[in-house]
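> Give the three-dimensional model of this entry:
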Amino acid sequence: MSEKKEKNGKTVSKTAIAIFSIAAGICSAGAAAQGANTWRCGNTYSDQPCEGGRTVKVDDRRSDEDRRAADAGTRSAQTQADRMERNRLSLEKAAHDRDQRAAREARSAALAERRLAIAEQRERDRARKEANAPRKSSLSFSSGPGADAPERKKKKRKSAD
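As a prediction, the model looks like this:
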């Protein structure tokens, strides 16, 4: 049984084939035996037992017509869910665009407000500087008394004559 023979240019051992066949049979028998049970572990289902899990029967005893109707309902629900998702995504995009536009407008308004505040501050500074500047006199004084001043007429006293 341990003879090697050549097949398509490859060497194959009969014992290797036998071992492979036995292993495949054991695995498939084990899977078939475990596939009969489904375990509920909390909120999940598994084909392997778990701590605190219990077995659940999963035989589908519905007719072909019932199965087709259920599948059609599932497809309909999936189609509706896809449509609702597209609608939700478009609403989210519109809200995002609205938020972006509002943010741009807010930044623009803040910039305009800062510019106005700076212009007002400059105007206040200019007015303060102008108020603090020495004023030029409206009369010009010369070194001689009464040189530029208008002459006054002297009042005559009334005599007792």
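
> Only C-alpha atoms from now on, for both contacts and neighbour counts.
Noted.

> Show the residue spans covered by the strands in the chain.
For the chain, the strands defined by DSSP state E occupy 4-7, 10-13, 38-41, 44-46, 54-56.

> what's the average pLDDT for the third one?
It refers to strand 38-41. Mean pLDDT, strand 38-41: 88.

> Kindly report the same for the second one.
Here the mean pLDDT over strand 10-13 is 56, rounded to a whole number.

> State whether residue 50 and residue 41 are indeed in contact, as I suppose.
Yes - look at residue 50 against residue 41 with Cα atoms under 8 Å: they come within range, at 6.3 Å.

> May I ask which helix or strand of the protein has the lowest mean pLDDT?
Least confident element among the helices and strands of the chain, by mean pLDDT, DSSP states H and E: strand 4-7 (a mean of 48).

> Stretch 70-86: which residues count as buried?
Of all the residues in stretch 70-86, not one is buried under the rule 16 or more other Cα atoms under 10 Å.

> tally of neighbours for residue 115?
12 (other Cα atoms under 10 Å).

> And for residue 39, the neighbour number?
19.

> residues in contact with the closest residue to it other than its chain neighbours?
In space, not counting the residues next to it along the chain, residue 39 is nearest to residue 55; the distance is 4.5 Å by Cα to Cα, 6 or more residues apart in numbering. Shown in contact with residue 55 (Cα atoms under 8 Å, 6 or more residues apart in numbering): 37-40.

> biggest helix in the protein, by residue count?
helix 64-132 (DSSP state H).

> what about it, average pLDDT?
On average, helix 64-132 scores 96.

> Against which helices or strands is it packed?
Contact partners of helix 64-132 among helices and strands, from 3 or more Cα pairs under 8 Å, 6 or more residues apart in numbering; DSSP states H and E: none.

> could we number from 644 for the rest of this?
Sure thing, new numbering starts at 644, so read that last one as helix 707-775.

> So for stretch 698-717, first residue to last residue, what's the gap.
Start-to-end span of stretch 698-717 (Cα to Cα, to the nearest Å) is 26 Å.

> in that stretch, what's buried?
By 16+ other Cα under 10 Å, the buried positions in stretch 698-717 come out as residue 698.

> just to revisit the earlier point, tell me the pLDDT at the residue nearest to residue 682?
If you check residue 698, the pLDDT there is 87.
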